[in-house]
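K.L.:
Sequence and predicted model, in that order:
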Amino acid sequence: MGTAVPIMDPIPTWSTPPRRQGSGLGNVENAVNSPAYVTIDGNDDGKVKVEFGDDPARTGTYSFSFHVNNLTDESVSYRLSASVLAPETVTDEESGTKFIAMNDVAVGANAVFTTDAAGYDLNGDGKLDDGDVMAILNHATGLELLADASLADLNGDGTADEVDAQILNDILEGGSYEGKTLESLQSNDVVTVPANGSVQVKATLSLNEEGKQYMEENFPMATTSRVMST
């Protein structure tokens, strides 16, 4: 399920409803070659899905967590995103009765991801700056070892050393390295999993006012959302 490819509707250009396609089109090649796999916290059946249940207080906020598990000897990075969908409704002109359609519509929502990894703030001062470059150098020379050196292994060679310090310094000065930029290193939607390691990701999805209004108008008795994330 974690390596399935969501089927997209050509018009509009968002995913076919999960009610119709499940997790997507199975891809054997992806399943065999994926360097990592996802497990949902609390799911003993191994399925990569989340059920939010009811929202009796109608807060429009849903939270869950999962682990990204790295199978390789090199760190891997992923950019997280979420598409929040709700069933589309159609109204019978004669009776005025609303029915749930087979399609979904995108509803307004915000997605926030946090991880249990230290990220690129290597010295723990809450900033990404020259201090983190120095933290890598201190680790490389043995002056002060990093708690998890794999997070500083920017070139993925299995060692946090002077080369990684130079890469981070170049990025801070506006450069990039293999797709890594200052923006991507600072982004909360990028998760880096150390070699042969695992990182927990906590996700919170919150409907905005537009999303809440859609749910109130179309589903006054219950709040239901369908979420697909990549």
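P.N.:
Okay, I see it.
K.L.:
Please count neighbours and contacts with C-alpha atoms only from this point.
P.N.:
OK.
K.L.:
right, and residue 196 touches residue 76 too?
P.N.:
No. The criterion here is C-alpha atoms under 8 Å, and residue 196 misses it with residue 76 at 9.7 Å.
K.L.:
okay, those two: which has more neighbours?
P.N.:
Between residue 196 and residue 76, residue 76 has the larger neighbour count (other C-alpha atoms under 10 Å), namely 20 against 15.
K.L.:
Bridged to that one, which residues?
P.N.:
Listed by DSSP bridges, the beta-bridge partners for residue 76 are residue 193.
K.L.:
residue contacts, it?
P.N.:
35, 70, 192, 193, 194, 195 (C-alpha atoms under 8 Å, 6 or more residues apart in numbering).
K.L.:
Same question for residue 34.
P.N.:
By C-alpha under 8 Å, 6+ apart, the neighbours of residue 34 are residue 3.
K.L.:
now swap in residue 135 and tell me
P.N.:
122, 123, 144, 146.
K.L.:
Need the phi and psi values for the residue lying farthest from the centre of the chain.
P.N.:
Distance from the C-alpha centroid of the chain peaks at residue 94, with 44.1 Å (C-alpha atoms, centre = their mean). Here is the backbone geometry of residue 94 (degrees, to the nearest 10): phi -80, psi -50.
K.L.:
What is the nearest of the contacts of residue 76 to residue 107?
P.N.:
Comparing the contacts of residue 76 against residue 107 with C-alpha to C-alpha places residue 192 closest, at 28.8 Å.
K.L.:
Burial check on that closest one, number of neighbours?
P.N.:
Neighbour count of residue 192, defined by other C-alpha under 10 Å: 24.
K.L.:
And for residue 153?
P.N.:
Residues contacting residue 153 under the criterion other C-alpha under 10 Å number 23.
K.L.:
which residues does residue 104 contact?
P.N.:
Neighbours of residue 104 in contact, by C-alpha under 8 Å, 6+ apart: 16, 17, 85, 86, 87, 88.
K.L.:
how does it look with 6 Å?
P.N.:
By C-alpha atoms under 6 Å, 6 or more residues apart in numbering, the contact list for residue 104 reads 17, 85, 86, 87, 88.
K.L.:
Can you give me the distance of the residue nearest to the second one when sequence neighbours are not counted to residue 38?
P.N.:
Nearest non-adjacent residue to residue 85, counting by C-alpha to C-alpha, 6 or more residues apart in numbering: residue 106, 4.5 Å away. From residue 106 over to residue 38 the distance is 25 Å, taken as C-alpha to C-alpha, to the nearest Å.
K.L.:
mind giving me CSV with the contacts of residue 76 and columns for pLDDT and distance to residue 172?
P.N.:
Shown next, in CSV, are these (pLDDT from 0 to 100; distance: C-alpha to C-alpha, whole Å):
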residue, pLDDT, distance to residue 172
35, 91, 28
70, 91, 27
192, 75, 18
193, 81, 22
194, 76, 22
195, 80, 24
